[in-house]
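1. Sequence first, then the predicted structure, then my questions.
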There are 2 protein chains.
Amino acid sequence: MTAPVRALPDEIAVVNVGLPMFADAVRAQGGTVTHVDWRPPAGGDPDAVRALTRLYADPSVDVANAEVLRRLDTGVPFLTGVRRADEVVPGVEGRMLLHCGPAVDWAQACDPLRRSMRAATVAEGWAADVAAADRLLAEGGVRLEPANHHDMVVPMASAIGPSAPVLVVELTADDGLVRSFAPINQGPGEVPWFGRDTDAAIARLRLLRDAVGPALAAVLQRSGPLDVLALAAQGIAMGDDLHMRTQAATNLLARTWLGHVAALPDDVRGPFADFLAGNHLFFLTPAMAAAKALTLWAGRVPGSSIVTSMARNGTTFGIRLPGSDRWYTTAAPPVGDALYYSGLGPDDAAPDIGDSAVLELVGLGGPAAANSPAVAAFLGGSMADAAAATDAFRRICVGASSRFTLPAAGFAGTPVGVDLRKVVATGVTPKVNTGILAASSGQGQVGAGVATAPLACFTEALHALAG
Amino acid sequence: MTAPVRALPDEIAVVNVGLPMFADAVRAQGGTVTHVDWRPPAGGDPDAVRALTRLYADPSVDVANAEVLRRLDTGVPFLTGVRRADEVVPGVEGRMLLHCGPAVDWAQACDPLRRSMRAATVAEGWAADVAAADRLLAEGGVRLEPANHHDMVVPMASAIGPSAPVLVVELTADDGLVRSFAPINQGPGEVPWFGRDTDAAIARLRLLRDAVGPALAAVLQRSGPLDVLALAAQGIAMGDDLHMRTQAATNLLARTWLGHVAALPDDVRGPFADFLAGNHLFFLTPAMAAAKALTLWAGRVPGSSIVTSMARNGTTFGIRLPGSDRWYTTAAPPVGDALYYSGLGPDDAAPDIGDSAVLELVGLGGPAAANSPAVAAFLGGSMADAAAATDAFRRICVGASSRFTLPAAGFAGTPVGVDLRKVVATGVTPKVNTGILAASSGQGQVGAGVATAPLACFTEALHALAG
C-alpha cells in the first residue's frame, strides 16, 4: 500500500483574514497575498458584541432607521424669516443664554464660551461691562441652557440672548410642521462665537440686532422663503463642504439676493451689504438650522440607531438618539488634523466646540469632503485625502444623499445617517470639520481642523438602546 | 557542422507601433501586446512634414514660444473701468459696428449676426426700426469691422456700436501698457448677442447704455481695479470652466461688490442689481477682455508658433499668430457634442460663432474642463469625459498655467499656449466650449456644446510661418 502521490501546485494563493502580520510575513518571502482587513466587531468587547447582536437581530431598528433616513434625505427646510429669539424660540424668556453643546454650568464652561457669554450679557444690557457680566454669570444671575433644548443650533462658542435675531427655518412634514432656529453667523474678526469678549465683539452683537437682523428680515420678506438645501447642494458641487467652507453657497446667495439688498432702506442697506460681503461663512448657520430641522423631524421616530444630535460645548461632547432627550456625553476631544495660524499650535487650542456637527448628521461637512479642495488642505492636501474622509463616513452611515452629490466621486451622494451600530462595530467615529479657538488667551480663532468624535458616548448609547 | 540549437523563448512579448490592427490580431490569438499609438505627423502629408521639420529645427521658434507662454501665464490684467466705446476704443467713430470673428460683409454675415447688427443699428438711433436698419446695413450705410481689429473681443453674435458701454482692461507690461476691451455681457433672454432683434433685445442694449454701464462704472470707481484672473482662478476651483460656465466667478464678484452696489445712486441701483442677479454669465466678458489683454501682449512677440487669435463670425473661423495681423480662415464649423433645448437639433443651429474662443488660448474654457461638472454634462456626463477634454489641450499646448489649477486633476495647471506645430502634427485642434444660436429662426440660443476648430487654417498658418 502506497500513499497517493501529492504534487505541489504550480501556484499558491494566500488569503489572510484579520491580523495583517501574517500577510506581511508572506509578502516578505516574496509571496502574493490578498489581505482581508477583518477585525472583531467593537474590538471584541463581549458586552458591545452582545448589544450589537441584539440590535442587528431586531428588525424594528432597521424599519425605524429607514424612516429616519427618509426624513434626513428628503425633508425640505425653508428659511422663512428672522425674528428676535424671545419672540419665536420656545421657552426663551428673561435672563437666559442659549449655548452650544450639552448642558454646562458656568463653573465648568471653557474659557471661549465664558467670554462669549460675557459679551452676550453686556450686549443684552444685563451688565455694564465684561467684569460685571463675569460676576453676574458666576453668581448664577443668568440661566444657561443648551440651544439644542430649544430647537436651535449655534456654531462654535456662541451664546445667544433673548434679543438676538435668529433665523427661522420651517419644514412642512407629513406629521406636522417642524421649526428650527440658528443665529445669524457673526462673521470673522473679533466676534463672540470665536470666544472674544472685546468691545468690538460686543458691538458685533449689537450690529446684528440693530441692522443686520432687520435687513435680513426685510430681504426674506421680499424674496420669500429660501430653499436652504437646494443652495447647499449647489455649494457642494462648487467645492463647499458646507461646514468648514460655505463660500460658494454664500456667494450664490449674495447674487440671488442682490436685487433685494439693493431695495433695502437707506439706514440698513450699507451695513448689511458690507456685512454679507465680508462674511464667507454666512451660509453656515442657515445650513445648520436646516440640518436641525431635518434631525428634529427624524427625532420623532423612536427606536432608531441613527444619531440625531451631536454637539460640543468645549467641555463635553454629546450625542442623542431619536425619540429621547437623553444625552450621552464624554469629554470634548481636541481637534486633530489641524492647521494653526502662524506661531500657534495645539497647546493654544481649546477642545472641540459648537453645535455645527449637526451638519455631519445630514450629509454635509465631513461626508461632503470628497469634492472640497479647501477641506483637502486640512487632510493632507490631495483630493484622495478628502475622498478618504467621505469614505470613512460611508462605513458608518446607512444611506447616501439623493440631493448632495459629489462630482469628484462620480456624482455619488454624500453619506447620510450615522448609525450607532456601525460606529461601535467598526470603531470609526464621525470626523467633524471645524474651527479651533484659543484655550484661554481670548484671541479667538487659532486654526481649523478635523475633530474625531470620542467612541465612549456612542458605546454608552448603544447599550441604552439595546436595553 | 551543425546549426546552433535555437530554443523558442518561454515568453513572447509583442510591441506594436502604429496601425492598431496588428495589435488586435495578436490579442485575437490570445497573445499580450503593448500598443504604441504612433501615427505619422500631419497624417503623413509631405508638405506639412517638411514645414514641421523646419519649424522644429529652428531654435528661435522655441525662444519666441517661451516668451509668449510667459506672457500668457503671468500677465495680470485689471478691469479698470467702463466707458462708451467711441470714447476709449481705438478707431471707433461714426456709423461703425464691431462684430465677432474675422472680417465679414453684410452679404456673407449669418442670420444671427445680421439680427444683432440690426438691433445695434436701431439702438444707436441710426434707424427707426429693424426693417429700416436692414436697408441701411444692406446698402453699406454702416461700417462693419472685426472687434479684434480694435483690441476688443465680443461673445457670440455681438455687434457693438459706438455708444455701447465697454469694459476697459489694462495690463501693465514690461514693454508698455496693454489695453483691451469687451462689452458688458447682455445676459439671458431676448438679447442681440444670441441673435435676437426684437424690441426687448433693442431695449436691453439701451438698458446697458443708460443704467448698467454707468452703474458698473461707479462700482469700479469705488472698488478700484479688479484683478480679473485672480477671480477666474477661484471660479475654476469652484467648477467653472470660465467659458460655458462662469457662475462661481460671477457669484464671487457679486459678493465682493455687494457693498459697492448698495452705495449706488437710487436711479441705477435697482436695475443694476437685478441685472447682475439674473446674469450668471456676467463674468464671461471680463474674462474675455482679460484673455484679450494677455494675447495682445503675447502678440507683440514675433516668430512664435503659438496661436494668439481664434475667432468665428458664424461664416468663417480664423486664427492669427503673434507679430502679424494676417488671418488664416476657413468655413465656420458646426458645434458638436451638443445639448439642444427641447424640440431643437442640429438642423436648427447656426455654425460656431463669437470671439470667446480667446479663452481657450489662455488656459480657460476647454483647458479647464477637467474640474467642471457643468462642462462634463456636454461631453458624456462623467468627470473622466471632462478630463479627456483638458488632456486633448495638453497634447497641443506648450505649457501649463501656474494660476489656473484643477483640483480634480491633482491640482495640475490648465494647458496654456496652443502650438500650431503640435496641432498640425497631431491633427488635434482646439475644442471650444460654446453656446449655439438659431440658424435663421431668430429665436436666439438653441443649445450649447463643443465646437472643434477646423484643421485647415492651422495648416495654412503653419506653411506661412515656415516660409
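-> That came in fine, so what should we check first?

2. so residue A:83 touches residue A:169, yeah?
-> No: the criterion here is C-beta atoms under 8 Å, and residue A:83 misses it with residue A:169 at 11.6 Å. (Each C-beta comes from the backbone N, C-alpha and C, glycine too.)

3. okay, these two: which has more neighbours?
-> Using other C-beta atoms under 10 Å in any protein chain shown as the criterion, residue A:83 and residue A:169 rank with residue A:169 on top: 31 against 16.

4. SS state for residue A:178?
-> Here residue A:178 is recorded as strand under DSSP: H, G, I helix; E, B strand; the rest coil.

5. How about it, nearest residue that isn't a chain neighbour?
-> residue A:171 (4.2 Å; C-beta to C-beta, 6 or more residues apart in numbering or on different chains).

6. so how far is residue B:443 from the one you found?
-> As judged by C-beta to C-beta, to the nearest Å, residue A:171 and residue B:443 stand 41 Å apart.

7. again with residue A:398
-> With C-beta to C-beta as the criterion, residue A:398 and residue B:443 are 48 Å apart.

8. Which of those two has more residues huddled nearby?
-> In this view residue A:398 and residue B:443 are compared by other C-beta under 10 Å, and residue A:398 has more residues nearby, 20 against 17.

9. How about the secondary structure of residue A:432?
-> strand.

10. Could you do the one 5 residues further on as well?
-> Per three-state DSSP, the local secondary structure of residue A:437 is strand.

11. now do residue A:81
-> strand.

12. my read: it touches residue A:217, true?
-> Yes: applying C-beta under 8 Å as the test, residue A:81 and residue A:217 come out as touching, 6.1 Å apart.

13. show me what contacts residue A:149?
-> Listed by C-beta atoms under 8 Å, 6 or more residues apart in numbering or on different chains, the contact set of residue A:149 reads A:91, A:103, A:325.

14. Model confidence at the residue nearest the centre of chain A, what's the number?
-> Nearest to the mean C-alpha position of chain A, by C-alpha atoms, centre = their mean, lies residue A:357 at 1.4 Å. Reading off the confidence values, residue A:357 has pLDDT 97.

15. measure it to residue B:279 for me?
-> Distance from residue A:357 to residue B:279, by C-beta to C-beta: 37 Å.

16. Next: residue A:337.
-> Distance, residue A:337 to residue B:279, by C-beta to C-beta: 40 Å.

17. Between those two, which is the more surrounded one?
-> residue B:279 (23 against 17).

18. Make sure I have this right: that one is in a strand.
-> No: Residue B:279 is assigned coil when assessed by three-state DSSP, not a strand.

19. Contact partners for it?
-> So residue B:279 contacts B:185, B:187-188, B:250 (C-beta under 8 Å, 6+ apart).

20. Quick check: buried residues in stretch A:205-223?
-> A:205, A:207-209, A:211-220, A:223 (16 or more other C-beta atoms under 10 Å in any protein chain shown).

21. Check the stretch 51-200 of chain A for the residue nearest chain B and tell me.
-> residue A:187 (12.7 Å; C-beta to the nearest C-beta).

22. Does that residue belong to a helix, a strand or coil?
-> coil.

23. pLDDT at the closest residue in space to it that isn't next to it in sequence, what is it?
-> Spatial nearest neighbour of residue A:187, excluding adjacent residues (C-beta to C-beta, 6+ apart): residue A:279 at 4.0 Å. Residue A:279 is assigned a predicted lDDT (pLDDT) of 97.

24. How about residue A:231?
-> The predicted local confidence for residue A:231 is 98.

25. and the stretch 251-400 of chain A, which of its residues are near chain B?
-> Contact residues (C-beta under 8 Å from any C-beta of the partner chain) of the stretch 251-400 of chain A with chain B: A:251-252, A:254-259, A:261-264, A:269-270, A:272-274, A:276-277, A:280, A:373, A:376, A:382-383.

26. Which of those fall in helices?
-> Judged by DSSP state H, helices contain the following of these: A:251-252, A:254-256, A:258-259, A:261-262, A:269-270, A:272-274, A:276-277, A:373, A:376, A:383.

27. rewinding a little: for ChimeraX, what selects the buried ones among the contacts of residue A:149?
-> In ChimeraX, this line selects whichever of these come out buried by 16+ other C-beta under 10 Å:
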select /A:103
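
28. and which of the contacts of residue A:149 is nearest to residue B:40?
-> residue A:325 (76.7 Å; C-beta to C-beta).

29. Just to be sure, the closest one is in a helix?
-> No: counting by three-state DSSP, residue A:325 falls outside a helix, being coil.

30. buried ones in stretch A:140-151?
-> Those would be A:142, A:144-148, A:150-151, for stretch A:140-151 by 16+ other C-beta under 10 Å.

31. Mind pulling the model confidence for residue A:15?
-> The predicted local confidence for residue A:15 is 85.

32. neighbours around it, how many?
-> 9.

33. Help me confirm that residue A:377 comes into contact with residue A:338.
-> No: when contacts are counted by C-beta under 8 Å, residue A:377 is not listed as touching residue A:338 (11.4 Å).

34. which of these two has more neighbours?
-> Applying other C-beta under 10 Å to residue A:377 and residue A:338 shows that residue A:338 carries more neighbours, namely 20 against 16.

35. residue contacts, the residue lying closest to that one once chain neighbours are set aside?
-> Sequence neighbours aside, residue A:449 is the residue nearest to residue A:338 in space, at 3.0 Å (criterion: C-beta to C-beta, 6+ apart). Contacts for residue A:449 (C-beta under 8 Å, 6+ apart) come out as A:335-339, A:378, A:434, A:436.

36. For those residues, work out which two are farthest apart.
-> Those two in the contacts of residue A:449 that are separated most widely, counting by C-beta to C-beta, are A:339 and A:434, at 12.0 Å.

37. The two: which is more packed in?
-> Taking other C-beta under 10 Å, residue A:339 and residue A:434 do not tie; residue A:434 has more neighbours (27 against 10).

38. what about residue A:393, how many neighbours?
-> 25.

39. isn't it right next to residue A:359, touching?
-> No: the criterion here is C-beta under 8 Å, and residue A:393 misses it with residue A:359 at 11.6 Å.

40. For the residue lying closest to residue A:355 once chain neighbours are set aside, give me its contacts.
-> Leaving aside its chain neighbours, residue A:355 sits nearest to residue A:153 (3.9 Å; criterion: C-beta to C-beta, 6+ apart). By C-beta under 8 Å, 6+ apart, the residues touching residue A:153 are A:147, A:180-182, A:288-289, A:291-292, A:311, A:355-356, A:358.

41. Residue A:161 contacts residue A:123, correct?
-> Yes: using C-beta under 8 Å, residue A:161 makes contact with residue A:123 at a distance of 6.7 Å.

42. Around chain B, pick out the residues from the stretch 101-250 of chain A.
-> Contact residues (C-beta under 8 Å from any C-beta) of the stretch 101-250 of chain A with chain B: A:237-239, A:247-248, A:250.

43. Residues contacting stretch A:46-59, please?
-> By C-beta under 8 Å, 6+ apart, stretch A:46-59 touches A:40-42, A:61, A:305, A:421, A:424-425, A:459, A:462-463, A:465-467.
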